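Participant: 3D model of this:
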Amino acid sequence: MQLSPYLLFNGQCEAAFKFYEKCLGGKIEAIMTFAQSPMAQQVPAEWGSKVMHASMNIDGMILLGSDPPHGHYRQPQGFSVSLSVKDAAETERIFHELEQNGTVQMPIQKTFWSVRFGMLVDQFGIPWILNCEQAAEQAA
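Facilitator: Predicted structure coming up:
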């Protein structure tokens, strides 16, 4: 069994996945647009270039996403995508890339449980939590 986040975007899935590929060091494995699918005739013409399904591999973990059919998008709420990173500097790098044109909810910082922890909503409306896996007392 594998648990994979499936993120929904408001027409920005392709841009988001290209951004995450760069930021997270992933590899986009598939992007299928509505125009490339059997649903091509069921969506408005301007929605044909939007993503029906995308898949990215990030160190063996799979991130999935799409642009829901036109008019069915809902703003994400009630969850965050959590990233556990082993290196404090890498945690900070990823956080600062994800925060571009986004909203920081908790700046990246040392906490009593972690050498680096931060929360944000990225420019695509996706909430993220970043946590450095290194135990706080191990950090110098």
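
Participant: give me every residue that touches the nearest residue to Pro5 once chain neighbours are set aside.
Facilitator: In this structure, Pro5 finds its nearest non-sequential neighbour in Val81, 5.5 Å apart by CB to CB, 6 or more residues apart in numbering. Every residue, glycine included, has its C-beta placed from N, CA and C. Neighbour list for Val81: Pro5, Leu7, Ile126, Pro127, Trp128, Ile129 [criterion: CB atoms under 8 Å, 6 or more residues apart in numbering].

Participant: mind listing which of those are in strands?
Facilitator: Leu7, Pro127, Trp128, Ile129 (DSSP state E).

Participant: Now the terminal residues of stretch 112-124, how far apart.
Facilitator: By CA to CA, to the nearest Å, the extent of stretch 112-124 from end to end equals 30 Å.

Participant: What lies in contact with stretch 110-124?
Facilitator: Taking CB under 8 Å, 6+ apart as the rule, stretch 110-124 contacts 9, 12, 15-16, 19, 80, 85, 88, 91-92, 95, 98-109, 127-136, 138-139.

Participant: of the residues you listed, buried ones?
Facilitator: Neighbour counting over the contacts of stretch 110-124 (16 or more other CB atoms under 10 Å) leaves 9, 12, 16, 19, 80, 85, 88, 91-92, 95, 98-99, 102, 108, 127-132, 134 as the buried ones.

Participant: Understood, closing this out.
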